[in-house]
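Chemist: pasting the structure only:
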């Protein structure tokens with residue numbers, strides 16, 4: 001039995017999507033959640049302006065805040081900070097610092113959704129991407145800069161400027177598909193959907209079939225990367241190219 005510990009920002013958003021995908025990967029895979037509290041001065045995230053949201057997610061990703069929240073009933077074998085924006089808004093150095101602090105706190109491999117994207121892209125040999133971003137354009141630009149730090153070029157992006165992760169948890173198949181189709185570009189080798197509140201587990205193969213290229217969702221890369229960190233990346237049919245590719249081309 002493999003046990004993954006996920007730090008998560010908002011209770012009752014996308015946890016069921018992680019669990020649904022985990023069940024498809026391995027019935028014995030256990031995913032536990034611990035929750036990172038928003039800053040004391042943060043009310044409803046929906047009510048914040050773009051600059052306020054950006055600062056709120058930066059604060060949420062403070063390494064000491066993550067370390068304090070990383071308390072699981074049963075010790076995980078690997079831990080990941082399962083929030084895209086809260087792990088890329090501090091840049092690559094900040095994401096690595098989050099990982100280092102969590103690893104030291106728990107004594108196990110520690111990752112994040114943003115770092116997972118980098119590992120997944122390297123695994124697939126893709127360095128030109130399109131972004132199906134749910135964020136405000138300024139936050140999308142921050143993710144573009146994050147990817148650029150490791151030589152990944154964003155050839156096209158769209159920004160949905162959704163009000164909050166709780167709102168995104170209600171998005172249906174049509175809304176997600178529409179965003180991905182709008183983001184795609186002929187020069188992109190993969191399309192990224194960086195948001196762990198979206199319910200994308202049932203759509204992985206469908207989205208890739210429609211676009212004819214890898215579609216990397218935040219939920220998928222987070223779980224894949226966690227298992228990759230343990231040396232056991234899963235190979236499963238019907239879940240897209242990331243779970244079908246045995247090694248970097």
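Modeler: Okay, I see it. Since this is a predicted model, take the numbers as computed values, not measurements. Residues are numbered from 1 along each chain as shown.

Chemist: Spatially central, which residue of the chain would that be?
Modeler: residue 218 (3.1 Å; CA atoms, centre = their mean).

Chemist: what's that residue in contact with, if anything?
Modeler: 82, 84, 113, 193, 194, 195, 196, 198, 200 (CB atoms under 8 Å, 6 or more residues apart in numbering). Bear in mind the C-beta positions are built from the backbone N, C-alpha and C, glycine included.

Chemist: Could you list which of those belong to strands?
Modeler: residue 193 (DSSP state E).

Chemist: farthest-separated two in the contacts of residue 218?
Modeler: Farthest apart among the contacts of residue 218 by CB to CB are 82 and 193. That separation is 14.1 Å.

Chemist: Which one of the two is surrounded by more residues?
Modeler: The residue with more neighbours, out of residue 82 and residue 193, is residue 82; 30 against 25, by other CB atoms under 10 Å.

Chemist: Would you mind measuring from the more buried one to residue 178?
Modeler: Distance of residue 82 to residue 178, given as CB to CB, to the nearest Å: 24 Å.

Chemist: Equivalent analysis for residue 4, please.
Modeler: Residue 4 is 31 Å from residue 178, by CB to CB.

Chemist: and the host helix or strand of residue 32, average pLDDT?
Modeler: In this assignment (DSSP states H and E), residue 32 forms part of strand 29-35. If you average the pLDDT over strand 29-35, you get 97.

Chemist: Quick check: chain neighbours aside, which residue is closest to the residue nearest to the centre of the chain?
Modeler: Among residues not flanking residue 218 along the chain, residue 196 sits closest, at 4.4 Å (CB to CB, 6 or more residues apart in numbering).

Chemist: so who does that neighbour touch?
Modeler: 8, 13, 14, 18, 82, 83, 84, 113, 165, 218, 219, 222.

Chemist: quick one on the thing from earlier: measure the residue nearest to the centre of the chain to residue 143 for me?
Modeler: 11 Å.

Chemist: neighbours around the residue nearest to residue 216 when sequence neighbours are not counted, how many?
Modeler: For residue 216, ignoring the flanking residues on the chain, the nearest one in space by CB to CB, 6+ apart is residue 192 at 5.1 Å. Residue 192 is flanked by 29 other residues according to other CB under 10 Å.

Chemist: which helices and strands sit right next to the least confident helix or strand in the chain by mean pLDDT?
Modeler: Here the helix or strand of the chain ranked lowest by mean pLDDT, DSSP states H and E is helix 50-60, holding a mean of 73. If you count contacts as 3 or more CB pairs under 8 Å, 6 or more residues apart in numbering; DSSP states H and E, helix 50-60 packs onto helix 85-88, helix 137-148.

Chemist: switch the cut-off to 6 Å
Modeler: helix 85-88 (3 or more CB pairs under 6 Å, 6 or more residues apart in numbering; DSSP states H and E).

Chemist: quick one: contacts of the helix it packs on?
Modeler: 57, 60, 61, 81, 95, 112, 113, 114, 143, 146 (CB atoms under 6 Å, 6 or more residues apart in numbering).
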